[in-house]
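Enquirer: Okay, predicted coordinates and the sequence, questions at the end:
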Amino acid sequence: MTRAAEAWRPARPLERLPDPGRCWIRYVPRVWEPPEQPWIHLAEGRMGEWGRKAPATASLPALAEGPLDDLLYLPPVPPRRAAARDKVAGERLVDGTPVLLHLFPGEETAVPAVAGVAFVYDLTPLLLARDLDRLERLPAGLPEMTVVWPLLPGLTDDPDLWEEGCARLAAAGVRSAQAVAPALEPADRRRLLERWADRWGREREEEVFAALFHRAAPPERDFARCAHRHGLAPFLARPLPRPPVLRIANRRLGGALALAAELWLRLGRSAEAGQALYRAARWLDRTHYDVEALAAEGNLGVLPLDPESRAVLADLVATGESSLLAALLAEYLTAEPKRTEDAIETRNDR
């Protein structure tokens, strides 16, 4: 291994609960050298560090030996660290670990487009600079590729900008565009305003200031409905592990339940029922049972799952699809969002 690769490798990764709204990330490096341009920390739903040097502790031992059993997040890095990051990604893929590679439009990578790797392109710097022509540099056609559209008040949340951007993405062959409304600290708001203030006139600068500091981002569902009109899927499909990792089918079934739970909650339906779907999804990710085989044999009743989750699993195993999931997704993408407290997302028990 090269010295650069060893220097980039983080320590034992942090673990999170996979969530479709967070691009299914399970494992997150503890430290790495951040990029020089603004980006969205996909695992935490916030602005990432940018334009600052990594701490001295960035040089740490390798990741845990053997394959990780779920999605590993490789955040964006400066160009000088790209080769080392790509080497880590390649080694993990050989182990059967799925990898999410966080990139910027125009950035090249040596990681091959094989099963288990998701290429996620962060549009944050492109949108802040209003350089939509760079959308044409996205490598359209990759089987597991999506773009992330940040919803930054006053900067990237204009519906007219969404329409133009989504039209360009669709024309370029992009298949999936996922919105993220990142949590913003006061320091994030100040840095964004200071960095891009000289691009606007005085009146526009005051509007952006008021939006950044006093207005909430629009619901991610609003952008998803716009993207859907242009033929773009609203969520990254869950990247699945490969052998020697076991119970891969459980990950697929659990992903469908988790997406149903996320949509259920975003639609403002019963929090209790939505959390039951999420609990079932988490149980499938942990269990050593072959759930697909149990369902095919008609033995789902012995599993500690609620009736709605059992029905979704039976549907998935029998037909490969879920009528409930299809209905929830159709409502999420086509019906007008509710503007009431009932539509607030419930995440407390995830």
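Expert: Now that the structure is in, tell me what you want to look at. Numbering: from 1, shown residues only.

Enquirer: SS state for residue 157?
Expert: coil (DSSP: H, G, I helix; E, B strand; the rest coil).

Enquirer: Oh, that last question was meant for residue 305, not what I typed.
Expert: coil.

Enquirer: Quick check: it touching residue 287?
Expert: No: at 10.3 Å, residue 305 does not count as touching residue 287 under the criterion of C-beta atoms under 8 Å. (Each C-beta comes from the backbone N, C-alpha and C, glycine too.)

Enquirer: Which one's more surrounded, those two?
Expert: Neighbours per residue (other C-beta atoms under 10 Å) separate residue 305 from residue 287, with residue 305 holding more: 22 against 15.

Enquirer: separation between the more buried one and residue 334?
Expert: For residue 305, the distance to residue 334 equals 29 Å [C-beta to C-beta, to the nearest Å].

Enquirer: can you check residue 206 too?
Expert: Distance of residue 206 to residue 334, given as C-beta to C-beta: 36 Å.

Enquirer: element containing residue 118, please.
Expert: Using DSSP states H and E, residue 118 sits within strand 117-122.

Enquirer: In the sheet, which strands lie alongside that strand, parallel or antiparallel?
Expert: Strand 117-122 pairs in its sheet with strand 99-103 (parallel), strand 145-150 (parallel), by DSSP bridges.

Enquirer: Of all the ones you listed, which one is nearest residue 88?
Expert: Closest to residue 88 of the strands paired with strand 117-122, according to C-beta to C-beta: strand 99-103, at 8.4 Å.

Enquirer: who's in contact with the closest one?
Expert: Strand 99-103 is contacted from outside by 23-25, 39, 42, 71-76, 85, 89, 92-93, 109, 111, 116-122, 239, using C-beta atoms under 8 Å, 6 or more residues apart in numbering.

Enquirer: Narrow those to those in strands?
Expert: With strands taken from DSSP state E, the overlap with those comprises 72-74, 117-122.

Enquirer: what stretches of the stretch 201-350 of the chain score poorly on pLDDT?
Expert: 201-203, 337-350 (pLDDT under 70).

Enquirer: 90 - rerun?
Expert: Within the stretch 201-350 of the chain, the stretches with pLDDT under 90 are 201-208, 244-246, 296, 335-350.

Enquirer: picking up where we left off before, could you write out the alpha-carbon coordinates of the strand holding residue 118 in CSV?
Expert: Coordinates of each C-alpha in strand 117-122 appear next as CSV, following Å, rounded to 0.1, in the frame of the first residue of the first chain:
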residue,chain,number,x,y,z
VAL,A,117,-20.6,0.8,-5.6
ALA,A,118,-22.8,4.0,-5.6
PHE,A,119,-21.5,7.1,-7.2
VAL,A,120,-23.1,10.1,-5.6
TYR,A,121,-22.4,13.6,-7.1
ASP,A,122,-22.8,16.6,-4.8
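
Enquirer: So which elements touch the helix or strand just after that strand?
Expert: Scanning forward in sequence from strand 117-122 by DSSP H and E, the next helix or strand is helix 124-128. Applying 3 or more C-beta pairs under 8 Å, 6 or more residues apart in numbering; DSSP states H and E, we find helix 124-128 packed against strand 145-150, helix 186-196.
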